[in-house]
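# coords below, sequence missing:
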C-alpha cells in the first residue's frame, strides 16, 4: 500500500489568533443570513413527490372499473409487520366480473403497523396494491388509522393496465367455446 | 409642553419615574432580543423562524398584523405569558431560599448597571452636551464593572442551591470563567482612560467624558477609540463575550456536557429571569462597548452630535437632540447585539480548558502588554 506522507504545516500566527477563520465563518453565516430560506412551510406548501415514492398502500381498479385484487393473500403473508388482513370472498356468478377468480370481501390495512416497505406492491401478481403519493395519515383513534376496503379504493383510484389479463382469458375461453382454433 | 411641571416634582419621584422609564425600555428590549436571537438563528440556518402565532382577535388588521406575525412578535408575547403562568416547581432537593434568591440576584446587577450607562446626550441652550443618564457618577466605568461582576454570584448561588451535579459544575465553571476574563476586561479599558485623563484636566472615569473625548476637533481627536486602540477594543470584545456567557464562551450552560448548566433545575418564571438577565447584560455590555470604543451617540468618526444637530437645524431643541442622540446610541447597540448573535450562530463552543488557556495565557498577557505599550505611547505624546 502506497504511503503518502502528508506534511502537517504548523499554524501561522494569524491562524493561531483564530481571527481570519472567524471572519471567514462570519462571512459564510452572513451569506446564509441574506440567502432565501430553504424551508417548506408545510401545510400551505406541499412537497413535490418524487417518482417511485412509497406512500400509503392503496388498492386500484383497472380502466374498466374492475377491482384488481383477487384476494390471493400474498401481500398479507409477505407483510413484515402484519398490517394487512384480507377476508377472501367469492364473486357472484351473475356478476360482470364472474370470470375473475375471486375478490376480497374485506381488505384492511392497519396504518399504525404499516412500515411503508412496499413488499405488498412487489409481491402482488395482479398489480392491485400500490404505494402511491399519499403521505399524510392522521386520525384520533386507532380504528380511524385502519384503512378499510372502500377507503383503499378511494385512495387508489384507477391505474392504467396494459394487460387486462382476465379479459383476455375470458376472450380466449369464449373463443374456444365457440369452436376456435384449439 | 411645560417642562417645569416635571421639574417641580420632588427629586425622588423624578428619579423613580426615570428609573422605571429606563427599565421599561430595557426589559422589553431584552425580551425582544430573545426573539431576535431566534429569528437570526433561523435566517442563518435558512429557516423562516417563528412566524405563525397571532391572536385571533388581531387577525383582521390588514398590514400590521401579518408583518408582526411574520416577525414573531406574538410568539414573543405567548412565550412571555407562558413563563408567567406555567407551573413553577421547586425541586425537593434544593436549598429553597437560595434557589429562589438566585434569579432575583441575576436581575439586580443586570438592571442596576444601566443606571450609570449614559444612553444619550442633549445640547442645552448654550450648546453644551449634557448626558442622558440615570446617575452621572464620576466613577462610571468602575461602577459598571463593580456591579456587573456581581452577576456571577447569582450563577454560583444557582449552581450551589440546585444541589445537583450539573448545575454545580456549571456554577463553578461560570465563576472561574467570569473571574478570569474580568481581569483582561478591566486592563483593556485602562488605556482609554489614560488617554482621556490628560494631565492638567480633572481626572474622570465617567463614560460620558469618554464619549465626549471621541468628538474633539482634529484628525486624532475625532477618531473613535476602537480605531485608536484596536487591541483594547478586541480584548474588551472577547472578554465581553465571556462575561455575558455568550457563545463561544457559554461554558456555564454548555448544554452538550452540562444539560443546562447552572439553570438545569430552573423552570418557568425563574428560568426566564435568568434568560432576561443574560440579555440585559448583553445590552448593557454592548452599550459600554459602544460608549468606549464606537463613539457613543456620535454618528460617525469626526462627525459629532453637535455637527449633525447643526446640519439638521435642531441644535436649539434639547428634546430633539436628545432623541437623536438616544436613537443613534440605541442603533449602535442594536447593531452590536446583532453582532453578538451573528457570532453565536457562527462559532462552535470552546472546550473549557481552551477557555481558560485563552483567558490566562493569551488575553491577560496581551492586555498587560497593550496597557504598557499605550502607557508608554501616551507618556511620549503628552511630553511632546
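Sure thing, it's come through. Note that the coordinates shown come from a computational prediction; the quantities given were computed from them, not determined experimentally.
# kindly list the longest helix within chain A.
Using DSSP state H to define each element, chain A has its longest helix at helix A:19-34.
# I'd like the next helix or strand past it.
Downstream of helix A:19-34, the first helix or strand assigned by DSSP states H and E is strand A:57-59.
# check which helix or strand the residue lying closest to residue B:190 once chain neighbours are set aside maps to.
Spatial nearest neighbour of residue B:190, chain neighbours left out: residue B:371 (5.3 Å); criterion: C-beta to C-beta, 6 or more residues apart in numbering or on different chains. C-beta here means a position set from N, CA and C on the backbone, and glycine is covered the same way. In the assignment (DSSP H and E), residue B:371 maps to helix B:364-383.
# what is the neighbour count of residue 45?
In the absence of a named chain, this looks at chain A. Number of residues near residue A:45 (other C-beta atoms under 10 Å in any protein chain shown) recorded here: 9.
# wait, chain B
The number of residues packed around residue B:45, counting by other C-beta under 10 Å, is 15.
# one more: residue B:317?
Counted with other C-beta under 10 Å, the neighbours of residue B:317 add up to 16.
# per-residue pLDDT, it?
Listed pLDDT for residue B:317 reads 73.
# and it, how far from chain A?
Using C-beta to the nearest C-beta, to the nearest Å, residue B:317 is found at 38 Å from chain A.
# avg pLDDT for the lengthiest strand in chain A?
Counting by DSSP state E, the longest strand found in chain A is strand A:103-110. Average pLDDT, strand A:103-110: 91.
# go on, stretch B:214-231?
Here stretch B:214-231 scores 77 as its mean pLDDT.
# could you do stretch A:34-45 as well?
86.
# ok, now stretch B:72-81?
pLDDT averaged over stretch B:72-81 gives 84.
# anything in the longest helix of chain A near chain B?
Yes - for helix A:19-34, a contact with chain B is found by C-beta under 8 Å from any C-beta of the partner chain, at A:22, A:25, A:26, A:28, A:29, A:30, A:32, A:33, A:34.
# of those residues, just the buried ones, ChimeraX syntax please.
In ChimeraX, this line selects whichever of these come out buried by 16 or more other C-beta atoms under 10 Å in any protein chain shown:
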select /A:25,26,29,33
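# check contacts around residue B:71.
B:35, B:39, B:51 (C-beta atoms under 8 Å, 6 or more residues apart in numbering or on different chains).
# which one of those residues sits closest to chain A?
residue B:51 (8.2 Å; C-beta to the nearest C-beta).
# I figured that closest one hits residue B:70, correct?
Yes - in this structure residue B:51 lies within contact range of residue B:70 using C-beta atoms under 8 Å: 4.8 Å.
# mind giving me the packing neighbours of the longest helix of chain A?
Under the contact definition 3 or more C-beta pairs under 8 Å, 6 or more residues apart in numbering or on different chains; DSSP states H and E, helix A:19-34 sits against helix B:11-44, helix B:318-344.
# and these as TSV, adding mean neighbour count and distance to residue B:95?
What follows is those, written out as TSV (neighbours: other C-beta atoms under 10 Å in any protein chain shown; distance: least, C-beta to C-beta, whole Å):
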stretch	mean neighbour count	distance to residue B:95
helix B:11-44	16	28
helix B:318-344	19	32
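# now the ones you listed in JSON lines, with distance to residue B:303?
As requested, those are exported to JSON lines (distance: least, C-beta to C-beta, whole Å):
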{"stretch": "helix B:11-44", "distance to residue B:303": "26"}
{"stretch": "helix B:318-344", "distance to residue B:303": "10"}
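# which element follows the longest strand of chain A toward the C-terminus?
Following strand A:103-110 toward the C-terminus (DSSP H and E): helix A:119-123.
# neighbours around the closest residue in space to residue A:79 that isn't next to it in sequence, how many?
Nearest non-adjacent residue to residue A:79, counting by C-beta to C-beta, 6+ apart: residue A:120, 5.9 Å away. Residue A:120: 23 surrounding residues under other C-beta under 10 Å.
# residue A:120 contacts residue A:86, doesn't it?
No - if you go by C-beta under 8 Å, residue A:120 and residue A:86 don't touch, sitting 10.5 Å apart.
# what touches both of the two?
Common neighbours of residue A:120 and residue A:86, counting by C-beta under 8 Å, 6+ apart, are residue A:75.
# so, low pLDDT: which residues of the chain?
By default, I'm working from chain A. Scanning chain A for pLDDT under 70 picks out A:180-182.
# chain B is the one I meant
Checking chain B against pLDDT under 70 turns up B:1-6, B:127, B:198-202, B:251-256, B:260, B:315-316, B:383-384.
# near chain B, which residues of chain A show up?
Residues of chain A found near chain B (C-beta under 8 Å from any C-beta) are A:22, A:25-26, A:28-30, A:32-35, A:37-39, A:41.
# what segments of the stretch 101-250 of chain B are strands?
Secondary structure of the stretch 101-250 of chain B (DSSP state E, counting those that start in this stretch): strands located at B:120-123, B:129-132.
# for those, give me TSV that also has mean neighbour count and distance to residue B:109.
TSV is the format used below for the strands of the stretch 101-250 of chain B (neighbours: other C-beta under 10 Å; distance: least, C-beta to C-beta, whole Å):
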stretch	mean neighbour count	distance to residue B:109
strand B:120-123	24	22
strand B:129-132	21	21
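# with distance to residue A:18 added, can I get the ones you listed in JSON lines?
Compiled in JSON lines, the strands of the stretch 101-250 of chain B are given as follows (distance: least, C-beta to C-beta, whole Å):
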{"stretch": "strand B:120-123", "distance to residue A:18": "35"}
{"stretch": "strand B:129-132", "distance to residue A:18": "37"}
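# lovely, talk soon.
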